[in-house]
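J.: Sequence and predicted structure, then a few things I'm wondering about:
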Amino acid sequence: MSETTSESTRAARTPRTRKPRPRAAARDDATLPDRLARRVVVEHVKPEIDAGRFPIKRTPGDRVHVTAAIHADGHDVLAASLWYRHVDHDCETVPTAVPATFDAAAGWQEAVMVPLGNDEWSGSFTVGGLGFAEYTIEAWVDAFASWRRGLAAKVHAGMDVSSELLEGAALLRDAATRSQRGDFLRERAAILESDADGRDRELAALDPLLADAASAAADRSRATQYDRVLRVLVDRERARYGSWYEMFPRSAGPDRNRSATFREAESALPRIAAMGFDVLYLPPIHPIGRTHRKGRNNALVAAPDDDERSLASIVGRRPEG
């Protein structure tokens, strides 16, 4: 029996308490909502931070490994691609909508995802230079691979597969309309529906090269795209790790009776670097008012001359307000 159940068989299986639907209505999917026509589900994508609200972080040349749960009803063979690209805009503030098509002119590149078992799929890509990258997933039912798997099982069982070969020929002719190797696919379709020896037709149908060519031209008109485009912030190597040293510039001067200037605090940098620190962290510097402010050594009441020792004196002016 073919992998595709015939109309008469479906009608025969219809419960007697129900009236079979007319053939035209049963096979008309144009009226189905687009979402229902897309059978594949893509979910649990990792890495993903807070449903894609924030980008993951990598450094130039890092490999981003992406996994997802991809499944559908039935036992059809699925296929999936990881789409990615480098973007010039600030994707932290300008989220990208899921594209209707992944256009190479827009920078999208495709990486094949492979099944790991138990509905888990994996793919990866390498990020480029500093900036941002985006990635998402597309998955679909591979009609030819599903047919080929069923054919192989029936051939192994010694069954007559004449009708299945005709079905495969139709799938190949359909794939040829989307393939750069259309001539090759049409030639194999002609073999499958010819009067040649049955064994030769079976071998031609199960040829791995044919499977690759047909699957590469699979019909993706009902493919499922993940419902968001995820982002990568590609930052410099120092953003990955480093030793931080915090200092108060006002305390790094030669005169203990006044606040130091930035120029005077700069003289401490060689000593800090010699201790193995990579990053210098300065506390917030801002104007300090005259009311409700603390004094020297965090005193709750400021003395009249404490403003000269405040952070504001570092920037070379007396605080106002």
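T.: Done, it's in. Source: prediction; values computed, not measured. Numbering: from 1, shown residues only.

J.: so what pLDDT did the spatially closest residue to E237 that is not a sequence neighbour get?
T.: Residue nearest to E237 in three dimensions, not counting chain neighbours: T59, with 5.1 Å by C-beta to C-beta, 6 or more residues apart in numbering. C-beta here means a position set from N, CA and C on the backbone, and glycine is covered the same way. We have a pLDDT of 94 for T59.

J.: OK, contacts around T59?
T.: Neighbouring residues of T59 by C-beta atoms under 8 Å, 6 or more residues apart in numbering: 234-237, 239-240.

J.: which of those residues tops the neighbour count?
T.: Comparing the contacts of T59 by number of neighbours (other C-beta atoms under 10 Å), V234 comes first, having 22 neighbours.

J.: quick one: contacts for that one?
T.: Contacts of V234 were listed using C-beta under 8 Å, 6+ apart, and they are 57-60, 62, 127-133.

J.: Check G61 too.
T.: 126-127.

J.: Pretty sure L192 sits against L171.
T.: No: with contact defined as C-beta atoms under 8 Å, L192 does not reach L171; the gap is 9.4 Å.

J.: ok, back up a step: in helices, which of the contacts of T59 fall?
T.: Residues of the contacts of T59 located in helices (DSSP state H): none.

J.: can you redo those residues as a markdown table with pLDDT?
T.: Below are these laid out as a markdown table (pLDDT from 0 to 100):
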| residue | pLDDT |
| --- | --- |
| V234 | 94 |
| D235 | 92 |
| R236 | 89 |
| E237 | 87 |
| A239 | 82 |
| R240 | 82 |
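
J.: now, which of those residues lie within strands?
T.: V234 (DSSP state E).

J.: Quick one: the helices in the stretch 101-250 of the chain, in order.
T.: Remark: helices assigned in the stretch 101-250 of the chain by DSSP state H, counting those that start in this stretch are 143-156, 162-176, 182-192, 198-205, 208-216.

J.: Export these as JSON lines, with columns for mean neighbour count, mean pLDDT and distance to R263.
T.: Output for those, formatted as JSON lines (neighbours: other C-beta atoms under 10 Å; pLDDT from 0 to 100; distance: least, C-beta to C-beta, whole Å):
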{"stretch": "helix 143-156", "mean neighbour count": "18", "mean pLDDT": "96", "distance to R263": "70"}
{"stretch": "helix 162-176", "mean neighbour count": "19", "mean pLDDT": "96", "distance to R263": "72"}
{"stretch": "helix 182-192", "mean neighbour count": "18", "mean pLDDT": "96", "distance to R263": "73"}
{"stretch": "helix 198-205", "mean neighbour count": "16", "mean pLDDT": "94", "distance to R263": "81"}
{"stretch": "helix 208-216", "mean neighbour count": "16", "mean pLDDT": "96", "distance to R263": "65"}
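
J.: could those helices be laid out in a markdown table, adding distance to W83?
T.: Below are the helices of the stretch 101-250 of the chain laid out as a markdown table (distance: least, C-beta to C-beta, whole Å):
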| stretch | distance to W83 |
| --- | --- |
| helix 143-156 | 20 |
| helix 162-176 | 21 |
| helix 182-192 | 24 |
| helix 198-205 | 31 |
| helix 208-216 | 16 |
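
J.: which one is D119 nearest to, not counting chain neighbours?
T.: Nearest to D119 is H71, by C-beta to C-beta, 6+ apart, at 4.4 Å.

J.: Is that neighbour in contact with H44, as I believe?
T.: No: applying C-beta under 8 Å as the test, H71 and H44 come out as separate, 10.4 Å apart.

J.: So for S8, what's the pLDDT?
T.: What the model reports as pLDDT for S8 is 45.

J.: for D34, same thing?
T.: Here the pLDDT value assigned to D34 is 69.

J.: just the one 3 residues further on next, same as before
T.: Looking at A37, its pLDDT is 77.

J.: hang on, it packs against S221?
T.: No: the pair A37 / S221 is not scored as a contact, 9.1 Å apart, by C-beta under 8 Å.

J.: Quick check on the two: which one has the bigger neighbour count.
T.: Set A37 next to S221 and count neighbours by other C-beta under 10 Å: A37 wins out with 13 against 9.

J.: all strands of this protein, in order?
T.: Counting by DSSP E, the strands of the chain are 41-46, 56-58, 63-71, 78-87, 109-112, 114-117, 120-126, 131-141, 224-225, 230-234, 244-246, 279-281.

J.: I'd like to know which of those lies nearest to F262.
T.: Minimum separation from F262 across the strands of the chain (C-beta to C-beta) falls at strand 279-281, 11.7 Å.

J.: Right, I'll call it a day here.
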